[in-house]
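J.: Build me a model:
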Amino acid sequence: MDASPTATIAIAATFFVAGMVKGITGMGLPTIAMGVLGLFMPPIAAASLLVIPSFVTNFWQLVAGPNLAALISRLWPMMFGIAIGTVAGSRLLISGSTKGTTVGLGAALAAYAVLGLLLRPVAVPNRVERRLSPFIGLATGLITGGTGVLVIPAVPYLQALGLAKDDLVQALGLSFTVSTMALAIGLASGGAFQGGSIVASALSVVPAVGGMWLGTAIRGGISVASFRRWFLICLALLGLELIVRALIR
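T.: The predicted structure is shown next:
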């Protein structure tokens, strides 16, 4: 892994901005980190870097919510699917097939952004939630394992369950925490972690937490709806750039 001052500054800045976005919106750290880091390093290296800061910030978000036991009882089939799918999907990252994983990452980023911008909120009926949750979890896990992006289709699905605001933020924290732990297991089992990447990932916690603290502090002073809209536009452009860059290599 490149340990030059320029690379170190770029990594720290990436995690600080990603942490700030997470502090404001409740999500986005792995998505932004994978998207930006993927511009100058292989996806497997980017995924290895994000594991520890992602786990720390997501666990913070998880335990700060009010209804952890109830959410686990409701969402465990989805979490089980995420865990299985992520470990299985991580083989794609470990294989070193960077073109495919970069295209997958770009597609996941663009799809999430477009869905967030264009689609009206949908509701998942209670009668189908229990049957649908494992498949949503498995699909999320496969995408997470193959690209390092934790949001598709978990975030739109959780939003469609009609959870209260605080419960939704905590449910996102639960989903992201399970995804991060499963991704770490998948990468470690494939020998993707090296001493340097573990140290760099641990050090990345500092800017990530600093950014998350700042984002939480300024959340009340800006229009979250406006911020989210421009964030999704930038995310879509970044996803498209990754796809084009991978295909023309």
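J.: give me the low-pLDDT residue ranges for the chain?
T.: Residue ranges of the chain with pLDDT under 70: 1-3, 95-98, 101, 121, 192-196, 220, 224, 249.
J.: Run through the residues that contact E241.
T.: With CB atoms under 8 Å, 6 or more residues apart in numbering as the criterion, the residues that contact E241 are 39, 106. To be clear about C-beta, it is placed using only N, CA and C from the backbone, and glycine gets the same treatment.
J.: try 6 Å
T.: With contacts defined as CB atoms under 6 Å, 6 or more residues apart in numbering, E241 is in contact with no residue.
J.: And A47, by the same measure?
T.: 93, 148.
J.: Pretty sure G186 sits against L92.
T.: No: the pair formed by G186 and L92 falls short of the contact definition of CB atoms under 6 Å, at 9.8 Å.
J.: who's more crowded, those two?
T.: A side-by-side neighbour count of G186 and L92, using other CB atoms under 10 Å, places G186 first with 25 against 19.
J.: what does stretch 69-89 contact?
T.: Residues from elsewhere that reach stretch 69-89, judged by CB under 6 Å, 6+ apart: 133-134, 136-138, 140-142, 144-146, 171, 174, 178-179, 182-183, 185-186.
J.: How about it, which residues are buried there?
T.: 71, 74-75, 77-89 (16 or more other CB atoms under 10 Å).
J.: Would you mind writing the CA trace of that stretch as CSV?
T.: Taking Å, rounded to 0.1, in the frame of the first residue of the first chain, the C-alpha atoms of stretch 69-89 are listed here in CSV:
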residue,chain,number,x,y,z
ALA,A,69,-33.4,-5.5,21.0
ALA,A,70,-36.7,-4.9,19.1
LEU,A,71,-34.8,-4.2,15.9
ILE,A,72,-32.7,-7.3,16.1
SER,A,73,-35.8,-9.4,16.8
ARG,A,74,-37.5,-7.9,13.7
LEU,A,75,-34.6,-7.8,11.3
TRP,A,76,-32.5,-10.9,12.1
PRO,A,77,-33.5,-12.8,8.9
MET,A,78,-32.1,-9.8,6.9
MET,A,79,-28.9,-9.7,9.0
PHE,A,80,-28.4,-13.4,8.5
GLY,A,81,-28.7,-13.0,4.7
ILE,A,82,-26.3,-10.1,4.8
ALA,A,83,-23.7,-12.1,6.7
ILE,A,84,-23.9,-15.1,4.4
GLY,A,85,-23.9,-13.1,1.2
THR,A,86,-21.0,-10.8,2.2
VAL,A,87,-18.7,-13.6,3.1
ALA,A,88,-19.5,-15.4,-0.2
GLY,A,89,-19.3,-12.2,-2.3
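J.: quick one: which helix or strand includes the nearest residue to I32 once chain neighbours are set aside?
T.: Once its chain neighbours are removed from consideration, I32 has its nearest residue in A18; the separation is 4.0 Å (CB to CB, 6 or more residues apart in numbering). For A18, the host element (DSSP states H and E) is helix 5-25.
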